[in-house]
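[1] Sequence first, predicted model second:
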Amino acid sequence: MTRDIKNHLLFEVATEVANRVGGIYSVLKSKAPITVAEYKDRYTLIGPLSYDSANVEVEELAVHDPKLKLTLDSMGARGIKYLYGRWLIDGAPRVLLFDLNSALHHLNEWKADLWNISGIPTPDHDFETNNAIILGYLVAWFLGELSYHDQEHAMICHCHEWLAGVCLPLCRKRQIDVTTIFTTHATLLGRYLCAGSVDFYNNLDKFDVDKEAGKRGIYHRYCIERAAVHSADVFTTVSHITAYESEHLLKRKPDGVLPNGLNVVKFQAVHEFQNLHAEKKEKINEFIRGHFYGQLDFKLSNTLYFFIAGRYEYRNKGADLFIEALARLNHRLKESGSKMTVVAFIIMPAATKSYTVETLKGQAVIKQLETTIKDVQSLMGKRLFEFCQNPINCQSSQKVKLPEIDDLVKPSDRVILKRRMFALKRDTLPPIVTHNMVDDANDPILNQIRNVQLFNQKADRVKIIFHPEFLNSNNPILGLDYDEFVRGCHCGIFPSYYEPWGYTPAECTVMGCPSVTTNLSGFGCYMEDLIENPADYGIYVVDRRMKSVDESIEQLTNYMLEFTKKSRRQRINQRNRVERLSDLLDWKRMGLEYVKARALALKRAYPDQFSNTKADNPFEMDHNIKISRPLSAPGSPRDRSNSLNNPMTPGDLGTLQENNSTNDYFSWNLPGERENDDEDNTDEDRDVTLRGLSVTPSIHGDSSDEE
């Protein structure tokens with residue numbers, strides 16, 4: 001019987017469905033709206049049931065589809081517990097969550113079967129692998145039953161990561177009529193190798209993968225991952241750099257790349273995100289006033305906020321490069337007599353005990369000072385009002401008595417103000433870490449900060465703050481959510497060594513914050529592939545592949561030094577250009593790559609139903625057109641007379657050219673889609689096709705003056 005490939009069913013399998021653990025949760029959650037818009041009720045996410053998170057994130061539904069009900073009733077009759085419902089996120093996709101404990105009594109039987117069909121060893125002590133096997137067998141069981149009951153629709157099973165990949169060799173071995181896709185977001189062996197001190201990318205073709213996996217005690221996991229890769233009809237990764245890695249470590253060249261996207265919300269007016277930057281920066285300023293109380297000898301108007309954030313992977317995330325580059329930047333700024341100050345935040349969660357007394361005290365004394373000043377201001381206002389309305393002080397139109405300071409500020413006010421100012425006195429340096437660490441002496445970040453002697457001294461032009469906890473609005477010292485914090489900062493620094501994609505610089509781009517990434521991150525490679533000169537758009541790419549470590553640190557230092565020399569106007573212009581790139585990262589664009597993967601999977605499973613033979617692989621049909629430099633990038637004519645002393649940087653041309661340019665702001669739309677504001681455009685508007693998307697010039701320029 002021929003299955004309907006046009007109205008096929010889509011099942012996505014992952015361990016983070018309605019269960020936040022890592023980055024795949026963000027991928028599935030943010031991608032759900034566009035997938036649901038395409039598939040409606042034909043799309044279901046499958047994963048393990050975590051009762052704690054499901055109670056909050058999933059609304060249970062009755063099963064109305066008769067074929068699905070037959071399948072689930074059959075599994076339920078054999079003791080398998082499950083939750084079928086709606087994930088309470090944008091798009092509200094259907095989810096099917098299996099209780100792994102209800103199938104635990106099958107574990108040894110399934111382990112033996114996995115050994116017999118694939119030769120994969122499975123030790124008893126590995127809890128994660130045991131769960132992966134149970135989930136894989138339950139998914140294969142479900143798909144086998146459903147394909148028997150529903151012989152009308154074609155089915156696609158898309159698995160994310162090795163933890164969800166056990167079902168793929170089972171589907172192949174049992175010849176279940178379902179086509180499969182496997183996406184690796186980071187290879188197991190790659191993550192382990194990069195955590196050590198090896199020259200990973202330049203030696204990929206030289207590793208004995210079985211030996212390296214065995215040495216690290218992950219051979220059984222590696223076997224599952226490799227079996228999933230070779231069993232899938234279509235194999236994909238999240239970036240070209242991970243594709244290169246997978247080809248050597250997993251021994252299969254990926255069929256295509258599925259980059260991670262974000263749901264981009266565009267503002268009605270271009271200047272709105274600039275206003276948000278000013279608002280959130282003031283929140284950070286409040287924290288800085290408290291943290292550096294008694295030592296705040298630098299102007300906040302001449303202060304830049306840099307930050308690094310992510311999992312605490314000291315080397316993989318580039319924290320080592322960041323700290324060393326900050327030390328060099330500090331030396332150069334002091335040497336040049338710069339008036340700029342850089343406050344560098346490190347936001348990486350680590351084992352902590354509590355907030356330090358000094359950190360809490362700093363915020364408390366500043367709050368007290370602020371409250372006292374407001375009280376005194378209120379009293380002064382009342383006294384001023386009473387003084388001015390007193391007829392004695394305005395005896396005639398020619399003679400008016402104005403109040404003296406003693407009329408407004410009473411001795412009691414002076415006393416309390418002095419007490420608050422005395423409380424600001426401090427003999428110690430501002431702390432470099434906001435929390436008491438569990439293992440302070442052996443913390444790699446703290447030890448490197450000590451080695452480079454960045455102790456927040458008065459002479460230092462680079463100050464450093466290590467916040468070993470993720471941010472949230474309930475934080476007693478820095479009450480900002482992460483996205484609000486990013487909006488308030490000036491630049492994100494992410495010099496990662498191992499970063500299959502890189503959500504942190506992508507989030508910066510969407511929020512109009514310039515960032516530094518590397519050519520070893522998926523995001524950095526993606527931007528280099530799309531943009532002729534990413535630095536002109538506020539995306540700085542450090543070369544960590546073809547340069548030594550010292551050269552990479554020097555390049556990062558130069559990028560940061562260049563940024564400190566920008567004027568306020570230049571930074572505003574650059575943030576505008578960064579924000580313009582956000583459409584490149586929208587799921588409306590990225591989702592097209594998932595469409596290609598599903599089309600390729602169906603074509604390989606049902607070749608007779610495809611008449612179009614123009615290309616075997618739709619991923620190979622792209623035409624790579626790079627975005628050129630913005631028209632405002634050349635240096636300003638007014639500075640040319642002093643060009644030797646003041647080299648030009650992108651953004652030197654002022655607002656006039658930016659505003660008058662109709663070719664400097666691009667918006668990316670899906671084919672056939674028009675923006676509401678373009679209804680009055682004439683036939684003279686230019687449309688350029690960029691990788692299958694419409695690129696339409698817009699009239700907006702870098703007009704905001706808010707920072």
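    Cool, got the structure. Model, not experiment: these values are computed from the prediction.

[2] From here on, just use CA atoms for contacts and neighbour counts.
    Will do.

[3] contacting residues around Gly294?
    Gly294 sits next to 424-426 when contact means CA atoms under 8 Å, 6 or more residues apart in numbering.

[4] Which helix or strand contains it?
    Here Gly294, judged by DSSP states H and E, is contained in no helix and no strand.

[5] burial measure for Asp407, as a count.
    Neighbourhood size, Asp407 [other CA atoms under 10 Å]: 12.

[6] Now do the contacts for it.
    Shown in contact with Asp407 (CA under 8 Å, 6+ apart): Arg383.

[7] rerun that using 10 Å as the cut-off
    The contact partners of Asp407, taken as CA atoms under 10 Å, 6 or more residues apart in numbering, are 380, 383-384, 387.

[8] Make a markdown table out of these and add distance to Arg569.
    Shown next, in a markdown table, are those (distance: CA to CA, whole Å):
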| residue | distance to Arg569 |
| --- | --- |
| Met380 | 38 |
| Arg383 | 42 |
| Leu384 | 40 |
| Phe387 | 44 |
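
[9] quick revisit: from the contacts of Gly294, which is closest to Gly310?
    Distance to Gly310, by CA to CA, is smallest for Arg426 among these, at 32.6 Å.

[10] so the closest one makes contact with Tyr293?
    Yes. Arg426 is within contact range of Tyr293, at 7.6 Å (criterion: CA atoms under 10 Å).

[11] between the two, which one's more packed in?
    For Arg426 and Tyr293, the more surrounded residue by other CA under 10 Å is Tyr293, and the numbers stand at 22 against 13.

[12] Pretty sure the more buried one sits against Lys361.
    Yes. In this structure Tyr293 lies within contact range of Lys361 using CA under 10 Å: 9.5 Å.

[13] Overlap in contacts, the two.
    Common contacts of Tyr293 and Lys361, defined by CA under 10 Å, 6+ apart, comprise 423-424.

[14] What residues sit buried inside the helix or strand harbouring Ser246?
    If you go by DSSP H and E, Ser246 is part of helix 240-249. With burial defined by 16 or more other CA atoms under 10 Å, the residues of helix 240-249 counted as buried are 240-246, 248-249.

[15] Can you tell me what sits against whichever helix or strand comes after it?
    On the C-terminal side of helix 240-249, the closest following helix or strand by DSSP H and E is strand 256-257. Contacting residues not belonging to strand 256-257 are listed as 183, 234-243, 593-594, 596-597, 600, 617-620 [CA under 10 Å, 6+ apart].

[16] Narrow those residues to those that are buried.
    Buried members of the contacts of strand 256-257, scored by 16+ other CA under 10 Å, are 183, 234-243, 593-594, 596-597, 600, 617-618.

[17] Could you pull out the buried residues of the helix of greatest length in the chain?
    Taking DSSP state H as the assignment, the helix of the chain that covers the most residues is helix 357-389. Under the neighbour-count criterion of 16+ other CA under 10 Å, helix 357-389 has 358-363, 365-366, 369, 372-373, 376, 379-380, 384, 387 buried.

[18] Closest to Glu212 out of those residues?
    Looking at the buried residues of helix 357-389 and their distance to Glu212, the nearest is Thr359, at 44.2 Å (CA to CA).

[19] need the contact list for the closest one.
    Contact partners of Thr359, counting by CA under 10 Å, 6+ apart, are 287, 290-293, 430-435, 477.

[20] repeat that with 7 Å
    Under the criterion of CA atoms under 7 Å, 6 or more residues apart in numbering, the contact list for Thr359 reads 291, 434.

[21] domain assignment for this protein?
    According to the TED database, the chain comprises the domains 4-257, 271-357+429-584.

[22] Figure out which of these is closest to Ser628.
    Taking CA to CA as the measure, the domains of the chain were each checked against Ser628, and domain 271-357+429-584 came out nearest at 5.3 Å.

[23] quick one: that closest one to chain centroid distance?
    Averaging C-alpha positions (CA atoms, centre = their mean, to the nearest Å) puts domain 271-357+429-584 14 Å from its chain's average.
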